[in-house]
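**Student:** Sequence plus predicted model, see below.
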Amino acid sequence: MPATGMLSQVAGRMLLSPASGCRTSVVSIRFLGFSPRQVTADANFHSVSCSETDHPRVLITGGLGQLGVGLANFLRKRFGKDNVILSDIRKPPDHIFHSGPFIYSDILDYKNLREIVVNNRITWLFHYSALLSAVGEANVSLARSVNITGLHNILDVATEHNLRLFVPSTIGAFGPTSPRNPTPDICIQRPRTIYGVSKVHAELMGEYYCYRYGLDFRCLRYPGIISPDSQLGGGTTDYAVHIFHGATKNGKYECNLNPNTRLPMMYIDDCLRATLEVMEAPAKSLSMRTYNINAMSFTPKELAQEILKHVPEFQITYNVDSVRQAIADSWPMNFDDSNARKDWGWKHDFDLPELVTTMLNFLGSDTRVAQAN
Ligand SMILES: NC(=O)C1=CN([C@@H]2O[C@H](COP(=O)(O)OP(=O)(O)OC[C@H]3O[C@@H](n4cnc5c(N)ncnc54)[C@H](O)[C@@H]3O)[C@@H](O)[C@H]2O)C=CC1
Ligand SMILES: CC(=O)[C@H](N)C(=O)O
């Protein structure tokens, strides 16, 4: 059969496969007639990228940000310290450097990425490098480069080496024309930030590579993530972390969003558990490759009221940052994550009261909590 005929048959089969799942057949890249970059002539692509019984060999990119260190600790408990490599372009502090394997990796350097994947026999890749929403608006060209060009490198290296790939998306992948209360998985997505545009691009490219090359791509749209770490990447939801530092350090906080700005949020433990759960879910249980996940939804005023129950002297004032406010006003207020709950059993543990108690305890306000009780 002429190559074009074979190609159209393959393409036809792919287009007929379920709208959101990934192909399960093995398709030779030669058969397709073209490939992502650097694919060897006889490479085959399988939908399952590593033996289900072996521990995966994990690489985390952008691992020194708010979420990466926690993810590394979490995965190391499950898969063993040496099976999880943290990477970033920044220099790690001592305690992180000594807590497990750390390596320099710039996602804009494809050869560097490939070398790391090959030399360390990586099978699972968690791609955390990104510029977040507010910082992305301050440097659109860098955000475009890291979030879009970098993502292309990640997709190619993952496809080339048959990796299972996790890429987080965000509530920021929706925009003012999306339904906001609640926001379902599938609806119009016209974000107005470079961050949001790059994340929609990542969702679509990952799903396309899944259909086209059998890449085992898995993606969760995270809400704003709240963790004790105070060094955040520059997002719109950062206030919901900084408020706890203000409350525990000096009993006050100046918020850069208006008091009634409602956004979906999640405690980091839930976020990390969801990430591992979707990576471990059998491919056949995933009716989609990009899922909303959610835990709670609150405004700065509601969060402050909950903190006040523990820190009675807490004072919140408002000094609205127009860039962040405009972003927040275009994002979902509530997230519909029913598909994640149905398909792979997603269930959050932390609601607002547990979140507040946990964060205050963690940041060492035990005495104040005790006084309040
Ligand atoms: N933190 C949150 O509330 C949410 C995070 N996410 C996503 O989760 C992921 C992780 O988020 P965070 O840890 O908060 O981000 P972060 O901004 O704290 O960390 C990102 C890391 O990427 C690194 N990076 C920048 N350029 C790089 C390059 N060229 N090569 C390699 N690394 C580079 C930075 O050095 C930084 O350590 C991101 O993709 C973000 O979009 C999604 C929704 C919510
Ligand atoms: C919700 C996110 O993606 C992030 N925290 C941001 O605010 O940019």
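**Tutor:** Received, thanks. Ligands and ions are numbered 1, 2, ... in the order given.

**Student:** In terms of helices and strands, where is the closest residue to V320 other than its chain neighbours?
**Tutor:** The spatial neighbour of V320 that comes closest, neighbours along the chain excluded (CB to CB, 6 or more residues apart in numbering), is N258 at 5.4 Å. Every residue, glycine included, has its C-beta placed from N, CA and C. Taking DSSP states H and E as the definition, one finds N258 inside no helix or strand.

**Student:** Surely N258 and N319 touch.
**Tutor:** No: counting by CB atoms under 8 Å, N258 stays clear of N319, with 10.0 Å between them.

**Student:** Neighbour count: these two, which is higher?
**Tutor:** Shown here are N258 and N319; by other CB atoms under 10 Å, N258 has more neighbours (14 against 8).

**Student:** residues touching that one, list them.
**Tutor:** 300, 318, 320, 325 (CB atoms under 8 Å, 6 or more residues apart in numbering).

**Student:** Please flag which of the residues you listed sit within helices.
**Tutor:** 300, 325 (DSSP state H).

**Student:** Kindly supply the ChimeraX command isolating those of the contacts of N258 that are buried.
**Tutor:** This is the ChimeraX syntax for the buried subset of those, where burial follows 16 or more other CB atoms under 10 Å:
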select :300
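
**Student:** Residues of the chain that sit close to ligand 2?
**Tutor:** 132-133, 170-172, 195, 224, 235-237 (CB under 6 Å from any ligand atom).

**Student:** if I look at the residue nearest to V320, how far off is R218?
**Tutor:** To R218, N258 is 35 Å away according to CB to CB, to the nearest Å.

**Student:** Low-confidence regions, the stretch 1-150 of the chain specifically.
**Tutor:** By pLDDT under 70, the weakly predicted segments of the stretch 1-150 of the chain are 1-53.

**Student:** now with 80?
**Tutor:** Residue ranges of the stretch 1-150 of the chain with pLDDT under 80: 1-54.

**Student:** could you pull out the strands for it?
**Tutor:** With DSSP state E, counting those that start in this stretch as the criterion, the stretch 1-150 of the chain has strands at 27-28, 44-45, 58-61, 84-88, 102-104, 124-127.

**Student:** So which of the ones you listed is the most surrounded?
**Tutor:** strand 58-61 (a mean of 27; mean count of other CB atoms under 10 Å).

**Student:** so what strands line up beside that one?
**Tutor:** strand 84-88 (parallel), strand 124-127 (parallel) (DSSP bridges).

**Student:** Is any residue of the last one near ligand 1?
**Tutor:** I take that to be strand 124-127. No: Strand 124-127 does not reach ligand 1 (CB under 6 Å from any ligand atom); its nearest approach is 7.0 Å.

**Student:** Same question for stretch 210-230.
**Tutor:** Yes: Stretch 210-230 comes into contact with ligand 1 (CB under 6 Å from any ligand atom), by way of 222, 224-225.

**Student:** Equivalent analysis for stretch 326-338, please.
**Tutor:** No: judged by CB under 6 Å from any ligand atom, stretch 326-338 and ligand 1 are separated, with a smallest distance of 10.7 Å.

**Student:** CA atoms only: put that stretch into CSV for me.
**Tutor:** The C-alpha trace of stretch 326-338 is given here as CSV (Å, rounded to 0.1, in the frame of the first residue of the first chain):
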residue,chain,number,x,y,z
ALA,A,326,-8.0,41.7,36.5
ILE,A,327,-6.6,38.2,36.3
ALA,A,328,-8.5,36.9,39.2
ASP,A,329,-11.8,38.4,37.9
SER,A,330,-11.3,36.4,34.7
TRP,A,331,-10.7,33.1,36.4
PRO,A,332,-13.1,30.4,37.7
MET,A,333,-14.9,31.0,41.0
ASN,A,334,-15.7,27.3,41.5
PHE,A,335,-14.2,24.4,39.7
ASP,A,336,-16.3,21.4,38.6
ASP,A,337,-14.1,18.3,39.1
SER,A,338,-16.8,15.7,38.8
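
**Student:** Need the residues that contact it.
**Tutor:** Contacts for stretch 326-338 (CB under 8 Å, 6+ apart): 133-134, 137, 171-172, 174-176, 178, 180-185, 191-193, 221, 223, 236-237, 257, 261-264, 291-294, 297, 346.

**Student:** List the buried residues of it.
**Tutor:** Those would be 327-328, 330-337, for stretch 326-338 by 16+ other CB under 10 Å.

**Student:** Now the closest residue to ligand 2 within the stretch 151-300 of the chain: phi and psi?
**Tutor:** Here the stretch 151-300 of the chain gets closest to ligand 2 at one residue, G235, 2.5 Å apart by CB to the nearest ligand atom. Backbone torsions for G235, taken as degrees, to the nearest 10, come to phi -110, psi 170.

**Student:** was I right about it contacting G136?
**Tutor:** No: taking contacts as CB under 8 Å, G235 lies outside contact range of G136: 9.1 Å.
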